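Participant: The following comprises the amino acid sequence and a computationally predicted model.
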Amino acid sequence: MLESNEFRKMLSKSINFKENDFHPLVWINGEPEIGDNVFIGFFSEINAKGAKVIIGDNCDIASFVAINCADSHKKCIEVSDEIDRKNIILENNVFVGSHSVIKGGANIGHHSVIAAGTIVEGVEIPPYSLIIGNPMVVKEGYYK
């Protein structure tokens, strides 16, 4: 019988995911800065390749979340030669509901909640906000 660490190493090698402290099926690309006491659920993606992604302390990121600094749609349709990459910041104590997407340029203030299924655009969001829906609606001060 395989020990947990052996299984993690075999899985990581076979699916080309680098090992991480969260879950063997969390895909981390690049070198994001991830604070203390952070939870990241399985099948979530943190893409920090070519930009800075910072996740503060005490953040809770559910399963099936994409935090992706890259946007390649303009390159795909040949209106740009480059993939657009922008920094992403989640300040401390941010909750991200399952199946949410956080796009490059987003700066989410501390003690904010992103509801399940929300697509967060690349904007500045003040602390204590509730962000919900697609297109997103920001309810500033909701948790204050």
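Facilitator: Nice, thanks for sending it over.
Participant: Show me the residue sitting in the middle of this structure in space.
Facilitator: Centrality entry for the chain: nearest residue to the mean C-alpha point is Ile67, 2.6 Å, by C-alpha atoms, centre = their mean.
Participant: So what pairs up with that one in the strands?
Facilitator: Note on Ile67: beta-bridge partners by DSSP bridges are Ile46, Ile102.
Participant: quick one: it and His23, what's the gap?
Facilitator: Note on Ile67: its distance to His23, by C-beta to C-beta, to the nearest Å, is 15 Å. Backbone N, C-alpha and C define where each C-beta goes, glycine included.
Participant: next one: His99
Facilitator: Going from His99 to His23 by C-beta to C-beta gives 16 Å.
Participant: now Asp57
Facilitator: 19 Å.
Participant: and the one helix or strand in the chain whose mean pLDDT sits lowest, C-alpha only, in CSV?
Facilitator: In the chain, no helix or strand scores lower on mean pLDDT, DSSP states H and E than helix 4-15, which sits at a mean of 76. Taking Å, rounded to 0.1, in the frame of the first residue of the first chain, the C-alpha atoms of helix 4-15 are listed here in CSV:
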residue,chain,number,x,y,z
SER,A,4,0.2,9.4,1.2
ASN,A,5,3.5,11.2,0.3
GLU,A,6,4.4,8.5,-2.2
PHE,A,7,1.0,8.8,-3.8
ARG,A,8,1.4,12.6,-4.0
LYS,A,9,4.8,12.3,-5.7
MET,A,10,3.6,9.7,-8.2
LEU,A,11,0.5,11.7,-9.0
SER,A,12,2.4,15.0,-9.3
LYS,A,13,4.9,13.4,-11.7
SER,A,14,2.3,11.7,-13.8
ILE,A,15,0.1,14.7,-14.4
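Participant: can I assume Val65 is in contact with Gly41?
Facilitator: Yes: using C-beta atoms under 8 Å, Val65 is in contact with Gly41, at 7.1 Å.
Participant: joint contacts of these two?
Facilitator: The contact sets of Val65 and Gly41 overlap at Ser98 (C-beta atoms under 8 Å, 6 or more residues apart in numbering).
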